[in-house]
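In: quick one, what's the 3D model for this:
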Amino acid sequence: MTSSQQQIDVSYSVSNEFFELWLDENMHYTCAAYLDGDETLEQAQEKKVGILADYAEVTPDSLVLDIGCGWGSCLEYLARARGVKECHGITLSTAQLEWVHRRQIPGAKAWLQDYATYEPARKYDALISIEMIDHLCSPAQARAGLAVEIYRQYFDTLAKWVEPGACFGFQAILSDRVPRRRKDVEDLAFTADVIFPGGRNPRLEELVMAVRPSWEILELRMQREDYGKTTGEWLRRMRLHEDRIRSTWGDALYEDYERYLDTCVRGFDAQWCGDVQMKLRRCG
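Out: All right, here's what the predicted structure looks like:
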């Protein structure tokens, strides 16, 4: 990965208890899917992982890998809602891995592991990855024209872990338009540099080029508005705990995260950013 373990810990190992205050009860930290429009955050998050599990064609007998498994919310869904007997996860966040182990998910195993050096003991039947690719290419690498090459290396590596015909439920935050106002540009730069150092959201066209030749896109679903609603709900919930966050973790942390989440809400509304889900099939 381009983002180092230290940078990943900056993004995700602030405090499990801090994130627990404003994420949904299952600790999803990615875009939910508001299919009807009136779902709770918890319901929309479950629909999100349901779509990706369907895209990956998961069955109870599938051996499934979640690349960038976070706090184990997708692993929990696979085991308890889909009856998957064995699922694996990899992450570079020490705090998230501790949380996964605490959940004691039936049939689930997770490791502190960079995807680039991971060597599966056997082939997987299905893959899922939810907004992990945003940590692979730095802004400097993208400016140097390396984005597609870096993303293609990722997709080619994952293709070695499955047989031809296997499916992959994939989700990514997208970069789209550059804001016109200086403050908006500064807020986006702050989010990238302070909250998610080392990361960069891909452009949709980069991903479409990078999946080839290892994968073909069978379905593609855009959910920009869903992410605006998701981040808006995170911001609302976090503000309810302002006093506790300031007293426990300090004023700077609260103000940084309020700025970041407010920027996200504006970014998805103004179409600076987007989100995509893809069903990919391993070419043979």
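In: what's near enough to touch the most centrally placed residue in the chain?
Out: Taking C-alpha atoms, centre = their mean, the centroid of the chain lies closest to E131, which sits 2.5 Å from it. E131 is in contact with 30-31, 68, 171-173, 275, counting by C-beta atoms under 8 Å, 6 or more residues apart in numbering. Using the backbone N, CA and C atoms, a C-beta is placed for each residue, glycine as well.
In: relative to D256, how far out is it?
Out: Plainly put, E131 is 20 Å away from D256 if you go by C-beta to C-beta, to the nearest Å.
In: can I get the contacts of E131 in a markdown table including distance to P106?
Out: Shown next, in a markdown table, are those (distance: C-beta to C-beta, whole Å):
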| residue | distance to P106 |
| --- | --- |
| T30 | 23 |
| C31 | 27 |
| G68 | 21 |
| Q171 | 24 |
| A172 | 29 |
| I173 | 30 |
| D275 | 30 |
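In: quick one: which of those residues is the most crowded by neighbours?
Out: Counting neighbours by other C-beta atoms under 10 Å, C31 comes out on top of the contacts of E131 with 28 neighbours.
In: verify the stated contact: that one with K48.
Out: Yes - with contact defined as C-beta atoms under 8 Å, C31 reaches K48; the gap is 6.7 Å.
In: between these two, what contacts are shared?
Out: Shared contacts of C31 and K48, counting by C-beta under 8 Å, 6+ apart, come down to Q171.
In: sorry, back to before: any idea how far C31 is from the residue nearest to the centre of the chain?
Out: 7 Å.
In: list residues touching both of those two?
Out: Joint contacts of E131 and C31 (C-beta under 8 Å, 6+ apart) are 171, 173, 275.
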